[in-house]
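Student: Below is the sequence, then the predicted model.
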Amino acid sequence: MEPLVEASQYAKDDFRAPVPVLGPGHDYGTITDKLTTMVLTKHTPAVWFVVVAISFTFLIGLTVALTYLLARGIGIWGNNIPVGWAFDIINFVWWIGIGHAGTLISAILLLFKQDWRTSINRFAEAMTLFAVLCAALFPLVHTGRPWLAIYWLFPYPNTMGLWPNFKSPLIWDVFAVSTYGSVSALFWFTGLIPDLATFRDKAEHPVLKRIYGVLALGWRGSARHWARYENAYLLLAGLSTPLVLSVHTVVSFDFAVSVLPGWHATIFPPYFVAGAIYAGFAMVLTLAIPLRAIYGLQDFITMRHLENMAKVTLVTGLVVVYGYACEAFFGWYSGNEYERFMLKNRVYYGPYAWSYWMLLLCNFIVPQLLWSKRLRRNIAVLFTVSMFVNVGMWLERFVIIVTSLHRDFLPSSWDMYYPTRWDFLTLAGTIGLFVTLMFLFVRVLPMISIFEMRTLLPDATPKSDQGAH
Amino acid sequence: MSHATPTSPTLYGLLAEFDSADTLLRAARRVHEAGFTKTDAFSPMPIHGLAEALGFREHKIPKLVLAGGIVGALAGYGLEYWTQVIDYPMNIGGRPYFAWVSFIPPAFETTILVAAFTAAISMIVLNGLPQPYHPVFNHDGFRRASRDGFFLAIEAADPRFDVERTRAFLQELDAREVVAVDE
């Protein structure tokens, strides 16, 4: 556990004195050794095997679910008319939202010169990458015949001479998500290059040395290289910032551009972006808390990091709740009978009203605990709250999609939606895929950016800097 | 095929190791002032002003990224215009063929995509990476450059280079150790 001395030390002078984002007694060598040894050691924590065994089982479940899906078509899911979209798009939006905190931490907090981002950005970026992977799976397989559907998605010259319909938000989605995935991978790899060089130089085994050596591209820490590197990295951050905001905005257009009550709302773009950051920070907490305990990283991921993330979670959570309030207000103020019906159906007399109240419990009531400094610093409470938010954000998409669709304009076309075991297996399977990839990542690559941790040391900023320009 | 007999290795230059970022930066400034041009400094993390202290002036990446962004925007928007208006115009919900507002989101994404790839690739290419071999790796202690070592190299190809005098000069700058590195 975190030494309490440190916590009380910064409690007094919160926004003034530079507060530790790194435990005491570290130098370049100890930071490097600690973070490389975690990977280069032969010793793998037993917990790692347990987690991977469980998540891998779920991953196998995913392959079963997808194989059966491709064999039989999406009739195995509970989707019907009018609920033509359900778990597939709920899971898609949920996963893509989770990814957003990674880019937010690595790009936006970098631009704002928040040095506390340094110890969490690397695995948050990996989280982004794997979450986008899980997300991308759903639009691909929900067509049932993905090998035929590619030409609806990507503009390439095909034998039918047809092109995707660029007037459709669904195509905007394809562009947004594929760009987001590509740029996140690029950002992540660029950030890894100097650390891969460290691994090359530290690895003893010739095969490992060769693998890390090839990946490091011959990086040698030259001053000119660093100058261009920092320049490019900052530009990547500057480009990722509008990108991350655009991605969830575009995802919200899938709904907002339609005319369905419950979807057709101008609040959607900002409300979805805030929800994405909220879900993402909750997931970073969900991952950071156990990883920090398993690998003994209390010096690097300090209480300050957890507390800052808790604060971001709280703030974005309140923005999301503002979004709920707006939805309710618009439904009522529009005076439109369909909008008003949707609202009543969603909140109190619809068959899915339970999900709305669960949503408020998870996303609104429970996170209010984070107002208390004592509870924010209690790791068990923090972890529990983050789990509630993970569930809550999934429920939010369930509420938006299912309760809006299941009773549309004509009572004659109303129907209920019941997810099947295949829906659940696919959702659980992607969680398995995500956790497996995350744990493989922390085993073979540095989960904390080593070179950026070095820059946190006071010595890294030379005092004789004046006159350099 | 006849193998050439290995010639005796030629000198790449001198590699001096320093204790801290601070001493390295001061040494780099002195080396530049002394008129050396074929120099390089190595550190485990970016040190602000170090490349500039060695006389590095280059601002290509931002310009390339801007160009990449413009290319991406035009390519994305052009693709949309050509496919929706010229190559296969289709009436979708009575919207105009040239529904320019709808074309903005994909064009925005292609702008970011091309600009971001330009940033990363131009960094790699301008840095001359990937580079599997470099003479500084011949010094075994150079492994520390990716851990806690601060190095400064003066190449033998530098017009002002003279093994003995340059070595003495580097030692004068508080170098912990100065070693000769072969090509």
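Tutor: Arrived safely, thanks for sending.

Student: what's the burial count for A:Asp115?
Tutor: By the measure other CB atoms under 10 Å in any protein chain shown, the count of residues near A:Asp115 is 14. Every C-beta, even on glycine, is put in place using the N, C-alpha and C of the backbone.

Student: Quick check: A:Cys362 vs chain B, distance?
Tutor: Distance, A:Cys362 to chain B, using CB to the nearest CB, to the nearest Å: 31 Å.

Student: and if you look at A:Tyr349?
Tutor: For A:Tyr349, the distance to chain B - CB to the nearest CB - is 34 Å.

Student: That residue: neighbour count?
Tutor: Neighbour number of A:Tyr349 under other CB under 10 Å is 9.

Student: Can you name the next helix or strand after the one helix or strand A:Asp33 maps to?
Tutor: If you go by DSSP states H and E, A:Asp33 is part of helix A:28-40. Next in sequence after helix A:28-40, counting helices and strands by DSSP H and E, comes helix A:46-72.

Student: which ones are touching the most centrally placed residue in chain B?
Tutor: Nearest to the centroid of the C-alpha atoms of chain B, with distances taken as CA atoms, centre = their mean, sits B:Asn127, at 3.0 Å. Residues near B:Asn127 by CB atoms under 8 Å, 6 or more residues apart in numbering or on different chains: A:Ser222, A:Arg224, A:His225, A:Arg228, A:Tyr229.

Student: Of these, which ones also sit close to chain B?
Tutor: Intersecting the contacts of B:Asn127 with the contacts of chain B gives A:Ser222, A:Arg224, A:His225, A:Arg228, A:Tyr229 (criterion: CB under 8 Å from any CB of the partner chain).

Student: Per-residue pLDDT of the fourth one, please?
Tutor: At A:Arg228, the pLDDT value in this model is 92.

Student: what about B:Ala28, neighbour count?
Tutor: Look at B:Ala28: counted by other CB under 10 Å, it has 28 neighbours.

Student: Show me the contacts of B:Asn127 that map onto helices.
Tutor: Among the contacts of B:Asn127, the ones falling in helices (DSSP state H) are A:Arg224, A:His225, A:Arg228, A:Tyr229.

Student: Could you check how far the closest residue to the second one other than its chain neighbours is from A:Pro290?
Tutor: Going back to what we said before, that points to A:His225. Leaving aside its sequence neighbours, A:His225 sits nearest to B:Asn127 (CB to CB, 6 or more residues apart in numbering or on different chains; 4.7 Å). Using CB to CB, to the nearest Å, we find B:Asn127 at a distance of 37 Å from A:Pro290.

Student: How about A:Glu396: what's its closest non-neighbour residue?
Tutor: A:Leu359 is the one closest to A:Glu396 (CB to CB, 6+ apart), at 5.6 Å.

Student: sorry, that was for A:Ala282
Tutor: A:Val389 (3.6 Å).

Student: Quick check: the one you found vs chain B, distance?
Tutor: Distance from A:Val389 to chain B, by CB to the nearest CB: 28 Å.

Student: can you give me the strands in the chain?
Tutor: Assuming you mean chain A. Assigned by DSSP state E, chain A shows no strands.

Student: my bad, chain B
Tutor: B:11-18, B:39-42, B:150-155, B:177-182.

Student: Closest one of the ones in helices among the contacts of B:Asn127 to B:Phe98?
Tutor: A:Arg228 (40.8 Å; CB to CB).

Student: How about the contacts made by residue 173?
Tutor: Went with chain A since none was named. A:Asp173 touches A:Pro139, A:Val250, A:Val251, A:Phe253, A:Asp254, counting by CB under 8 Å, 6+ apart.

Student: that's the other chain; I wanted chain B
Tutor: B:Ala16, B:Phe18, B:Thr23, B:Arg26, B:Ala27, B:Arg30, B:Val31.

Student: can you put those residues in TSV and add neighbour count?
Tutor: Putting the contacts of B:Leu173 into TSV (neighbours: other CB atoms under 10 Å in any protein chain shown) gives the following:
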residue	neighbour count
B:Ala16	25
B:Phe18	24
B:Thr23	19
B:Arg26	18
B:Ala27	22
B:Arg30	17
B:Val31	26
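
Student: wait, which of the residues you listed is closest to chain A?
Tutor: Chain A lies nearest to B:Arg26 out of the contacts of B:Leu173, by CB to the nearest CB, at 5.4 Å.

Student: Could you measure from the closest one over to B:Ala41?
Tutor: 11 Å.

Student: Could you do A:Val251 as well?
Tutor: For A:Val251, the distance to B:Ala41 - CB to CB - is 45 Å.

Student: Is the longest helix seen in chain B in proximity to chain A?
Tutor: Longest helix of chain B, by residue count under DSSP H: helix B:100-126. Yes - using CB under 8 Å from any CB, we find that helix B:100-126 touches chain A at B:102-103, B:105-106, B:108-110, B:112-113, B:115-117, B:119-120, B:122-124, B:126.

Student: Low-confidence ranges, the chain, go.
Tutor: No chain was given, so I picked chain A. A:1-21, A:463-469 (pLDDT under 70).

Student: should've been chain B
Tutor: Using pLDDT under 70, the flagged stretches of chain B are B:1-8.

Student: And the helices in it?
Tutor: Ranges of helices in chain B, per DSSP H, are B:21-33, B:50-53, B:60-81, B:100-126, B:163-172.

Student: Pull the distance from the third one to the chain's centre.
Tutor: For helix B:60-81, the distance from its own C-alpha centre to the chain's C-alpha centre is 22 Å (CA atoms, centre = their mean, to the nearest Å).

Student: Tell me which other helices or strands that helix touches.
Tutor: Where contact means 3 or more CB pairs under 8 Å, 6 or more residues apart in numbering or on different chains; DSSP states H and E, helix B:60-81 is packed against helix A:223-256, helix B:100-126.

Student: which one of those helices lies closest to A:Leu433?
Tutor: Using CB to CB, those put helix A:223-256 closest to A:Leu433, at 20.2 Å.

Student: Just want the angle from the closest one to helix B:21-33.
Tutor: 120 degrees (axes from the mean of the first three to the mean of the last three CA atoms, to 10 degrees).

Student: Tell me how far helix A:223-256 lies from the chain's centre.
Tutor: On CA atoms, centre = their mean, the centre of helix A:223-256 falls 15 Å from that of its chain.

Student: hang on, the earlier thing: hey, which of the helices and strands packed on helix B:60-81 is tucked in deepest?
Tutor: Burial of these is given as mean neighbour count (mean count of other CB atoms under 10 Å in any protein chain shown); helix A:223-256 ranks first at a mean of 23.

Student: residue contacts, A:Leu440?
Tutor: A:Leu440 touches A:Val52, counting by CB under 8 Å, 6+ apart.

Student: Could you check how far it is from chain B?
Tutor: 24 Å.

Student: Could you do A:Gly78 as well?
Tutor: 29 Å.

Student: Please work out how many residues are found near that residue.
Tutor: 19.

Student: ok now do it, which residues does it touch?
Tutor: A:Gly78 neighbours (CB under 8 Å, 6+ apart): A:Ala86, A:Phe87, A:Tyr417, A:Tyr418, A:Pro419, A:Thr420, A:Asp423.

Student: Now the contacts of B:Leu173 in JSON lines, please, with extra columns for distance to chain A.
Tutor: Output for the contacts of B:Leu173, formatted as JSON lines (distance: CB to the nearest CB, whole Å):
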{"residue": "B:Ala16", "distance to chain A": "14"}
{"residue": "B:Phe18", "distance to chain A": "11"}
{"residue": "B:Thr23", "distance to chain A": "9"}
{"residue": "B:Arg26", "distance to chain A": "5"}
{"residue": "B:Ala27", "distance to chain A": "10"}
{"residue": "B:Arg30", "distance to chain A": "11"}
{"residue": "B:Val31", "distance to chain A": "11"}
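
Student: can you list these in CSV and add distance to A:Phe166?
Tutor: Below are the contacts of B:Leu173 laid out as CSV (distance: CB to CB, whole Å):
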residue, distance to A:Phe166
B:Ala16, 59
B:Phe18, 57
B:Thr23, 58
B:Arg26, 57
B:Ala27, 57
B:Arg30, 59
B:Val31, 56
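
Student: So which of these is the closest to A:Tyr28?
Tutor: B:Phe18 (12.7 Å).
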